[in-house]
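K.L.:
I'll drop the sequence and a predicted model, then ask my questions.
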Number of protein chains: 2
Amino acid sequence: MSANVPTDIVFSFTGLIKRGGVTGPHKDGWGIAFYEDKGVRLFHDPEESSRSKVAAFLQTYPIRSEIVVSHIRKANRGKVALKNTHPFVRELWGKNWVFVHNGQLRGIKNEKLDSFHPVGTTDSEAAFCWLLGKLRKKFTNVPHDRDLILEVERLLRQLAKRGVANILLSDSNLLFTHCSNRLVFITRRAPFGEAQLLDADVVVDFKKATTQNDVVTILATRPLTGNEDWGHYKPGEFRVWKKGESVYVNYSTRPA
Amino acid sequence: MSANVPTDIVFSFTGLIKRGGVTGPHKDGWGIAFYEDKGVRLFHDPEESSRSKVAAFLQTYPIRSEIVVSHIRKANRGKVALKNTHPFVRELWGKNWVFVHNGQLRGIKNEKLDSFHPVGTTDSEAAFCWLLGKLRKKFTNVPHDRDLILEVERLLRQLAKRGVANILLSDSNLLFTHCSNRLVFITRRAPFGEAQLLDADVVVDFKKATTQNDVVTILATRPLTGNEDWGHYKPGEFRVWKKGESVYVNYSTRPA
């Protein structure tokens, strides 16, 4: 999620977690990161999300955030364990960076790393450490948004050459996204309407929970609601979100 | 907590969180880190712990861990905010490091930093970043326990010269502790008995929850139970715990 006002994600989260064992096969752990200003609240659980007590608690506890990044895992590289559970988090330039990845990236675990090292054994965390290490080497201090966006795009495209790189990445200011083969989004703004989850029998009327100026974008690998018109990323699409709005988009000349 | 078997901390946590607003004045947020192997589960909340819904949830959700590090905050440097809430966490050498601090450290925020930078505005996080940066510069890879212990001691003693440094620090293997003026501990092992919290009307019979070989050490700034004999750190005492046992202790020749 990317939003221009602190917004709670309980509705979307309620649908997403069903995919961890009920409406989807992603039973190998889940996690979520909520930014509040520069701080971040993290919840990781190696249990399947549809049965997780932490996930059940979060459905009763609305946290208001401008950026939320979540992941439900189907393990392929790296066994089921807390240390292998996304989102991965590191600090760079005094900012909390958060990373989630769907796909597999050939050979990334053989790359030499310097500043950041994986704690677990996934290719995803190795890719994140590689990317942040490159950023740190290129910029000694926080770069301007434009410079950062172009460099992150370049690095994500390098990763994407290794396989499937459906990726969400945030530095607490921007939400960087890359699609290899599966990423959709919806931007909700006035006039707000109702939405119906696909994975659970839940309807929400956003009119009751929003103001005229709210802009809230939700991204997922598959649409979370059935009665709204989700946009589909193209293969090789890199897009950056800020305060709910798409602020940069580019398509690879060589789709993965 | 340091233990030789995965142990849940619900009993001690129940007493501790009362000190955030009920039996103590530490109302400016709280946090807790549970290690599971090399992974870590983090819970941070800028609300007072005695009223926190996350804290209430954790009392119903026993997480079994060999090292747990927790903190309830009374703000002096740095406003009340998520980003200023302990424990602070960073990755070094592919290990999750966790840090909590009670006290104030003069001038630490003016030190030049390179590898690690604070996200928030506390002197505690600045001290942690300074310490990890020094470790990273000294050792390019994970050192032997003995070398690491001696260097951490040297750095914590440097910090302690700046003021009050009651500190808990872990790398998921060892629990490093330094006392300027207030730190107590108790090691529980067979034969186990009953314990009665000081801050809440709760009694536990450890016989029912343990085996013959369990060793569990709890540390706190003040004793958490009334019917047990807590050991008191000396001013300037540096002590390292591993699997519930004290594996290194040294006293400063110059107490703070």
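P.N.:
Thanks, I have the structure now.

K.L.:
every contact and neighbour count from this point should use C-alpha atoms.
P.N.:
OK.

K.L.:
tally of neighbours for the residue lying closest to A:P118 once chain neighbours are set aside?
P.N.:
Among residues not flanking A:P118 along the chain, B:G94 sits closest, at 5.1 Å (C-alpha to C-alpha, 6 or more residues apart in numbering or on different chains). For B:G94, the number of neighbouring residues by other C-alpha atoms under 10 Å in any protein chain shown comes to 18.

K.L.:
likewise for A:R90?
P.N.:
19.

K.L.:
just checking, it touches B:G94?
P.N.:
No. Distance between A:R90 and B:G94: 11.2 Å, which falls outside the contact criterion (C-alpha atoms under 8 Å).

K.L.:
what sits against A:A165?
P.N.:
A:A165 is in contact with A:H101, A:N102, A:G103, A:Q104, A:L105, A:L156, A:L159, A:H178, A:C179, A:S180, counting by C-alpha atoms under 8 Å, 6 or more residues apart in numbering or on different chains.

K.L.:
now do 7 Å
P.N.:
A:H101, A:N102, A:G103, A:L159, A:H178, A:C179, A:S180 (C-alpha atoms under 7 Å, 6 or more residues apart in numbering or on different chains).

K.L.:
can you tell me the SS state at the residue of the stretch 151-256 of chain A found nearest chain B?
P.N.:
Of all residues in the stretch 151-256 of chain A, the one sitting closest to chain B is A:S172 (10.7 Å; C-alpha to the nearest C-alpha). Per DSSP: H, G, I helix; E, B strand; the rest coil, the secondary structure class of A:S172 is coil.

K.L.:
just give the nearest non-adjacent residue to A:H101, would you?
P.N.:
A:I167 (4.5 Å).

K.L.:
for A:V249, that is, sorry about that
P.N.:
Nearest residue to A:V249, sequence neighbours excluded (C-alpha to C-alpha, 6+ apart): A:R239, at 4.3 Å.

K.L.:
the one you found sits in which helix or strand?
P.N.:
strand A:237-242 (DSSP states H and E).

K.L.:
the helix or strand that that strand is followed by packs against which elements?
P.N.:
The helix or strand immediately downstream of strand A:237-242 is strand A:245-251, counting by DSSP H and E. Packed against strand A:245-251, as judged by 3 or more C-alpha pairs under 7 Å, 6 or more residues apart in numbering or on different chains; DSSP states H and E, are the following elements: strand A:237-242.

K.L.:
what does the strand it packs on rub up against?
P.N.:
By C-alpha under 7 Å, 6+ apart, strand A:237-242 touches A:2, A:153, A:173-179, A:246-252.

K.L.:
now do 6 Å
P.N.:
With contacts defined as C-alpha atoms under 6 Å, 6 or more residues apart in numbering or on different chains, strand A:237-242 is touched by A:L174, A:L175, A:F176, A:T177, A:H178, A:C179, A:S246, A:V247, A:Y248, A:V249, A:N250, A:Y251.

K.L.:
what sits closest to the last one if chain neighbours are left out?
P.N.:
Leaving out its chain neighbours, the residue that sits closest to A:Y251 by C-alpha to C-alpha, 6+ apart is A:E237, at 4.4 Å.

K.L.:
please apply the same query to the first one.
P.N.:
Computed as C-alpha to C-alpha, 6+ apart, the closest residue to A:L174 that is not its neighbour in sequence is A:K242, at 5.2 Å.

K.L.:
what's opposite that neighbour in the beta bridge?
P.N.:
Note on A:K242: beta-bridge partners A:E245, judged by DSSP bridges.

K.L.:
flag every residue of chain A that's near chain B.
P.N.:
Chain A comes close to chain B at residues A:G39, A:L82, A:K83, A:G94, A:K95, A:H117, A:P118, A:V119, as judged by C-alpha under 6 Å from any C-alpha of the partner chain.

K.L.:
in strands, which of the residues you listed fall?
P.N.:
Of the residues of chain A next to chain B, the ones assigned to strands by DSSP state E are A:G39, A:K95.

K.L.:
which two of the residues of chain A next to chain B have the greatest separation?
P.N.:
Taking C-alpha to C-alpha, the two most distant members of the residues of chain A next to chain B are A:L82 and A:G94; they sit 24.8 Å apart.

K.L.:
tally of neighbours for the residue lying closest to A:V142 once chain neighbours are set aside?
P.N.:
Nearest residue to A:V142 in three dimensions, chain neighbours excluded: A:W93, at 6.0 Å (C-alpha to C-alpha, 6+ apart). Neighbour count of A:W93, defined by other C-alpha under 10 Å: 19.

K.L.:
over to A:L92?
P.N.:
A:L92: 23 neighbours (other C-alpha under 10 Å).

K.L.:
residue contacts, it?
P.N.:
A:L92 sits next to no residue when contact means C-alpha under 6 Å, 6+ apart.

K.L.:
mind running it again at 10 Å?
P.N.:
A:L92 sits next to A:115-116, A:132-133, A:135-136, A:140-142, A:171, B:115-119 when contact means C-alpha atoms under 10 Å, 6 or more residues apart in numbering or on different chains.

K.L.:
is it in a bridge, and if so with what?
P.N.:
A:K95.

K.L.:
nearest to A:A195 among the contacts of A:A165?
P.N.:
A:C179 (24.7 Å).

K.L.:
isn't the closest one right up against A:K161?
P.N.:
No. Judged on C-alpha atoms under 10 Å, A:C179 makes no contact with A:K161 at a distance of 12.0 Å.

K.L.:
which of those two has more residues huddled nearby?
P.N.:
Higher neighbour count among A:C179 and A:K161: A:C179, with 28 against 16, using other C-alpha under 10 Å.

K.L.:
quick one: residues contacting that one.
P.N.:
Under the criterion of C-alpha under 10 Å, 6+ apart, the neighbours of A:C179 are A:102, A:156-157, A:160, A:164-168, A:221, A:232-239, A:251, A:255-256.

K.L.:
and what of A:L224?
P.N.:
A:L224 neighbours (C-alpha under 10 Å, 6+ apart): A:11-16, A:184-186, A:195-200, A:218, A:230.

K.L.:
cool, and A:D229?
P.N.:
A:F185, A:I186, A:T187, A:P223.

K.L.:
rewinding a little: what distance do you get for the residue nearest to A:V249 to A:V152?
P.N.:
Going from A:R239 to A:V152 by C-alpha to C-alpha, to the nearest Å gives 11 Å.

K.L.:
A:L131 now?
P.N.:
Counting by C-alpha to C-alpha - A:L131 and A:V152 are separated by 8 Å.

K.L.:
output the below-cut-off pLDDT ranges for chain A.
P.N.:
In the predicted model of chain A, residues A:253-256 satisfy pLDDT under 70.

K.L.:
repeat that for 50
P.N.:
A:255-256 (pLDDT under 50).

K.L.:
show me what contacts the nearest residue to A:D205 once chain neighbours are set aside?
P.N.:
Among residues not flanking A:D205 along the chain, A:E194 sits closest, at 4.3 Å (C-alpha to C-alpha, 6+ apart). Going by C-alpha under 10 Å, 6+ apart, A:E194 touches A:V203, A:V204, A:D205, A:F206, A:K207, A:K208, A:N227, A:E228.
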